[in-house]
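Undergrad: Just to be clear, the model below is a prediction. Sequence and coordinates:
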Amino acid sequence: MSEGNPTGADVSVEVAGVRVDSFTEASLIEHIMTMAAGRRTQVAVGVNAHVCNLARRDPQLSRLLSTSTTYADGQSVVWAANLLGGSVPERLATTDIAEPLLRAAAEAGHPVYFFGAADGVAEKAAELLRAKIPGLTLRTHHGYVSAEQVGVVLDDIAAHGTRVLFVGMGDPAQQLWVDAHRDRLPSAVLTCGGLFDWLSGSNRRAPEWMIRAGLEWLWRLIIEPRRLGKRYLLGNPSFMAAVAMQKLRGRRA
């Protein structure tokens, strides 16, 4: 565990090879607003068991995570962090923090951009959010762009005066995209997976009791078994084994 983390968190802990910074919802939003007001590009990534599993096999993703602000976007990461001697107070699902973060951006006058998902999904989410959040300046573009079209999207992000960019492409594609185009991105960048599908209502969230019990992953598996079966049924045991080995090594040390 490290004190005085340069990403802005007071404390961090390594979980299955990935540093996880300790934030509350309020402190994470405050930190991202500080990122948005800065001059250099900084990245925030929500960490779950799947991200940890991918990072163990992908050196480029592991490197990007090591230089990013990270927060616990999975309940299993919260449990593991605390089991390993860390102090991660709560799960911060990107779906939950999105609206209060957008309210903070609107109050600060920071333009926001959604990039990702199928055509129309991010815009539908944006329409709902503009109606709920006074003063929100939000532009969108779907994520199905060719290599030749990426420059057009980057130009549009810059023309909007974007200070907070959400990139929703799934892991690890979104992190690798950010890494490849970092020199043209705004101050605060968040990778957000399927966030736009949830915010637009294209996907329905789990019942509140499942979220409280840390079982939202099971709900997602139920509604998308083909896409997520391998990720959860094989990935969760792999993550648990990595955490167990880390705990065992710590005891031996």
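TA: That came in fine, so what should we check first?

Undergrad: ok, and the closest non-adjacent residue to Ser238?
TA: Of all residues beyond its chain neighbours, the one nearest Ser238 is Asn53 (5.5 Å), with distances taken as CB to CB, 6 or more residues apart in numbering. C-beta coordinates here come from the backbone N, C-alpha and C atoms, glycine included.

Undergrad: Could you tell me how many residues sit around Ala26?
TA: Neighbour count for Ala26, taken as other CB atoms under 10 Å: 11.

Undergrad: how much space between it and Ala125?
TA: Ala26 sits 23 Å away from Ala125, taking CB to CB, to the nearest Å as the criterion.

Undergrad: Break down the stretch 1-150 of the chain into its strands, ranges please.
TA: Listed in chain order, the strands of the stretch 1-150 of the chain (DSSP state E, counting those that start in this stretch) span 2-3, 11-15, 18-21, 42-47, 69-72, 112-116, 138-141.

Undergrad: And the ones you listed: which comes nearest Pro172?
TA: Smallest distance to Pro172 across the strands of the stretch 1-150 of the chain (CB to CB): 10.0 Å, for strand 42-47.

Undergrad: Mind giving me the packing neighbours of that closest one?
TA: In terms of contacts (3 or more CB pairs under 8 Å, 6 or more residues apart in numbering; DSSP states H and E), strand 42-47 is packed against helix 25-37, helix 59-66, strand 69-72, helix 173-180, strand 188-191.

Undergrad: So for the second one, mean pLDDT?
TA: Meaning helix 59-66. Averaging pLDDT along helix 59-66 yields 96.

Undergrad: for it, packing partners?
TA: Applying 3+ CB pairs under 8 Å, 6+ apart, we find helix 59-66 packed against strand 18-21, strand 42-47, helix 49-57, helix 173-180.

Undergrad: all strands for the stretch 151-253 of the chain, in order.
TA: 164-168, 188-191.

Undergrad: Low-confidence stretches in this protein?
TA: For the chain, the stretches with pLDDT under 70 are 1-10, 252-253.

Undergrad: Just want the most central residue of it.
TA: For the chain, Gly46 is the residue whose C-alpha lies nearest the centre (CA atoms, centre = their mean; 3.2 Å).

Undergrad: Once you drop chain neighbours, what's closest to it?
TA: Spatial nearest neighbour of Gly46, excluding adjacent residues (CB to CB, 6+ apart): Asp73 at 2.8 Å.

Undergrad: next one: Ala117
TA: Spatial nearest neighbour of Ala117, chain neighbours left out: Phe196 (4.1 Å); criterion: CB to CB, 6+ apart.

Undergrad: That neighbour - how many residues pack around it?
TA: Neighbours of Phe196 under the rule other CB under 10 Å: 28.

Undergrad: residues in contact with the nearest residue to Pro186 once chain neighbours are set aside?
TA: With CB to CB, 6+ apart as the criterion, Pro186 has its nearest non-adjacent residue at 4.4 Å, and that residue is Thr162. Thr162 makes contact with Pro111, Val112, Tyr113, Arg139, Pro186, according to CB atoms under 8 Å, 6 or more residues apart in numbering.

Undergrad: Let me know the closest of these to Trp79.
TA: Using CB to CB, the shortest approach to Trp79 within the contacts of Thr162 belongs to Val112, at 31.7 Å.
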